[in-house]
Structures are given as structure tokens and as C-alpha cells.
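Asks: heads up, no residue letters with this:
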Ligand SMILES: Nc1nc2c(ncn2[C@@H]2O[C@H](COP(=O)(O)OP(=O)(O)OP(=O)(O)O)[C@@H](O)[C@H]2O)c(=O)[nH]1
């Protein structure tokens, strides 16, 4: 189609001012026309024609255009060329050295000429990243106990179930410890609820430092906690909990009232192959009850 000169000029002006990145490549992939935005992004002060590969090489040399995180422009180029011109219409998203994200639509014509139109989607990408970050924050909040920052009841039970499944699948042991602070009601009664909260946080902090990071540990509610010890028999789990009792007593040495002197009782059990989490927890709970009855500040193993 032959355009009258004035229309041709208007069309090129419109392309220059439209904010899109527009480029036309010939069948040998040589850039024959680029609008102002495309040139400003990739080729300021460079005369056309220029082969597509040289467009990228030029940008890389001058620190502009496409961001090549590996720093290896030739490897990057050969990767792109393996897909370029493979379909009549293709969309490619790329990030630029200046931080923008551009989505290019490449339209390959039957005669081998290719029109490339790029749209700035940086705002969209930012929104996408914000949504993803907020989603992760929401998931984390739904799994976290607000007072202590530990896993909450739902989460620690989920982790316990996963540990039981893993133990069954691998025929390795797993032990559960139900932990309950002693005489916690009197802490609240004598020092107030806020001081009680401080005790819960201090206890959680000691456990966080003293327990293995890959053991699931969470607050079941109130002053009760659950520890899931992967790979440990009840006997070894018992030893871990006795050590925690000693560590706690030592950590309290420098603490002030009412943290000082707070102890816990604990019921430990090793999960039996094929049993449900509820059954294992029931046994741990009975062991905990036995520890309380026997005078508190102790661990009891429930098999
Ligand atoms: N400060 C504070 N107290 C809580 C919280 N959740 C539960 N409690 C209190 O924890 C206390 C638990 O009391 P009990 O169940 O009688 O247990 P205990 O006094 O520790 O007695 P034993 O377990 O038998 O040694 C109650 O006073 C609850 O109000 C919390 O988030 N913060």
C-alpha cells in the first residue's frame, strides 16, 4: 500500500509519540526501522540498519537496554535466537537495565519481515510483586502465633502430621513432646496478664535458640506447646527435653521475676507406625498429665 507522503509522516510521528517501542526487522533480522522510544531504549546515537544481535551487543557494551544477569551476552543471544522467529505471533517479557519491564509482541509476516511492539508493563509487574508479597505475608500470618511468633496450633499440627507421614514412609522414628508451663495461672494472678505474656514470649525465645531449627515447635494455645522431634525415639526425645529443662533454668538465672523460676512439665511419646496424630497426641497428653500429677517440673515418657 502506497501512503501519501503527508500520511506517512503523520504515521511515523504518531509512532514516535505513542510510548510503545516499535521496531521493524527485515528477513535477515536486521533492524530497519525503530521509533523514538525503541531507539532511546536500545540505540541512542546509533545509525540503522543494525543486525538484531548487534542491537543487544551494543546495549550490553553501553550498560543500556536488556538486563543480562549472567553478563554473558553471547550465551544470552544464542538462547533468544533459539526461540526468535519460531512462531507467527509471540510475546516475550524482558526486564531492562533501567528497571523497566517490557512485553514485546513479535509478529512475523509471511515475507520474513518482523514487527516488534513493546509495551511498558512495569506497573503491572510491580502490582504482581506486591500481590505475591502480600499473599506470602498473609500465609505466614495465618500460620503464626501472634504473641510468641512461633507456629500456631494449626501450623504445628500440620507439621506434626507431615512428620508422622514421613516417619511412616521412611520407617524412621518421630517423637512428640507436649509441654505445659507450671502454675502459670499464679503468674497471671500475682503479676498480671501482661507479665504472663512476657513469660510466654521469653519461654518461646529460649526454645527457639535451644531446639534444633528443623524441629517443628509451636504454641497449641494458652501455656501449652508442642515439639515434633523428627528422627528421635522417645528415649532420645526424653533426653532432649531434660536438656531443655536445664537450659531453661540456666537462661532464667539473669531474668527477673516472674520469669525467673518458671518451669514446665512435659509428656513425650514416640508415634507408632500407622497410628493417627490424634492417637499419638492423646498419649503425649496422658504423659503430660502424669508429669503434673507427679509434682510438675519434670518429663514423663508415655512410650
Ligand atoms: N498471660 C497469658 N495468660 C494466658 C494466655 N493463655 C492462657 N493463659 C492463662 O494460663 C493459665 C493456665 O492456667 P491452668 O490451666 O490452671 O494451668 P497452670 O496454672 O499452669 O497449672 P498447671 O498447668 O497445673 O501447672 C490461665 O490463667 C490462663 O488464663 C495468654 O496468652 N497470656
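Replies: Thanks, I have it. Every value quoted in this text rests on a predicted model; they were computed, and no experiment measured them. Residues are numbered from 1 along each chain as shown.
Asks: check which residues of whatever helix or strand residue 138 lives in are buried.
Replies: If you go by DSSP states H and E, residue 138 is part of helix 122-143. Residues 125, 143 are the ones in helix 122-143 that count as buried (16 or more other C-beta atoms under 10 Å). C-betas here are computed from N, CA, C, even on glycine.
Asks: burial count for the residue in the stretch 151-300 of the chain positioned nearest to the ligand?
Replies: Nearest to the ligand, among the residues of the stretch 151-300 of the chain, is residue 196, at 2.5 Å (C-beta to the nearest ligand atom). Other residues within reach of residue 196, judged by other C-beta atoms under 10 Å, total 20.
Asks: tell me the pLDDT at the residue nearest to residue 59 when sequence neighbours are not counted?
Replies: Nearest residue to residue 59, sequence neighbours excluded (C-beta to C-beta, 6 or more residues apart in numbering): residue 65, at 2.6 Å. According to the prediction, residue 65 has pLDDT 94.
Asks: what do you get for residue 251?
Replies: Looking at residue 251, the pLDDT reads 85.
Asks: could you find the closest non-adjacent residue to it?
Replies: Residue 251 sits nearest to residue 206 (C-beta to C-beta, 6+ apart), 4.8 Å away.
Asks: any idea how far residue 32 is from that neighbour?
Replies: From residue 206 across to residue 32, the span is 70 Å (C-beta to C-beta, to the nearest Å).
Asks: with neighbour numbers in mind, choose between those two.
Replies: Between residue 206 and residue 32, counted using other C-beta under 10 Å, the more crowded position is residue 206 (17 against 13).
Asks: just the element for that one, please.
Replies: With DSSP H and E as the criterion, the answer for residue 206 is helix 193-210.
Asks: and the contacts of that helix?
Replies: Defining contact as C-beta atoms under 8 Å, 6 or more residues apart in numbering, one finds that helix 193-210 is touched by 147-150, 181, 184, 187-188, 217, 219, 223, 225, 227, 243-244, 247-248, 251, 255, 258-259, 262, 264.
Asks: can you tell me what sits against the helix or strand just after it?
Replies: Moving toward the C-terminus from helix 193-210, the next helix or strand (DSSP H and E) is strand 216-221. Contact with strand 216-221 is made by 145, 147-148, 150-153, 155-156, 159-160, 163, 178, 200, 204, 207-208, 211, 225-228, 230, as judged by C-beta under 8 Å, 6+ apart.
Asks: change it to 6 Å
Replies: Residues outside strand 216-221 that contact it (C-beta atoms under 6 Å, 6 or more residues apart in numbering): 145, 148, 150-151, 153, 155-156, 159, 207, 211, 225-228.
Asks: return the set of buried residues in that strand.
Replies: Across strand 216-221, burial judged by 16+ other C-beta under 10 Å covers 216, 217, 218, 219, 220.
Asks: can you lay out those residues as CSV showing distance to the ligand?
Replies: Below are the buried residues of strand 216-221 laid out as CSV (distance: C-beta to the nearest ligand atom, whole Å):
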residue, distance to the ligand
216, 20
217, 17
218, 14
219, 9
220, 11
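Asks: for these, give me JSON lines that also has pLDDT.
Replies: Converted to JSON lines, the buried residues of strand 216-221 look like this (pLDDT from 0 to 100):
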{"residue": "216", "pLDDT": "95"}
{"residue": "217", "pLDDT": "97"}
{"residue": "218", "pLDDT": "97"}
{"residue": "219", "pLDDT": "98"}
{"residue": "220", "pLDDT": "98"}
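Asks: mind listing the strands for the stretch 201-303 of the chain?
Replies: According to DSSP state E, counting those that start in this stretch, the stretch 201-303 of the chain carries its strands in the segments 216-221, 224-230, 264-270, 299-301.
Asks: any part of the third one near the ligand?
Replies: Spelled out, that is strand 264-270. No - on the criterion C-beta under 6 Å from any ligand atom, strand 264-270 is out of touch with the ligand, staying 6.7 Å away.
Asks: and that strand, which strands flank it?
Replies: When sheet partners are counted by DSSP bridges, strand 264-270 sits next to strand 174-181 (antiparallel), strand 299-301 (parallel).
Asks: re earlier: quick one, grab the pLDDT at the residue nearest to residue 251.
Replies: 92.
Asks: now swap in residue 273 and tell me
Replies: The model reports residue 273 with a pLDDT of 88.
Asks: next one: the residue nearest to it when sequence neighbours are not counted from residue 270, what distance?
Replies: Spatial nearest neighbour of residue 273, chain neighbours left out: residue 168 (5.8 Å); criterion: C-beta to C-beta, 6+ apart. Per C-beta to C-beta, residue 168 is found 13 Å from residue 270.
Asks: between these two, tell me which one has more neighbours.
Replies: More crowded of residue 168 and residue 270, by other C-beta under 10 Å: residue 270, with 23 against 15.
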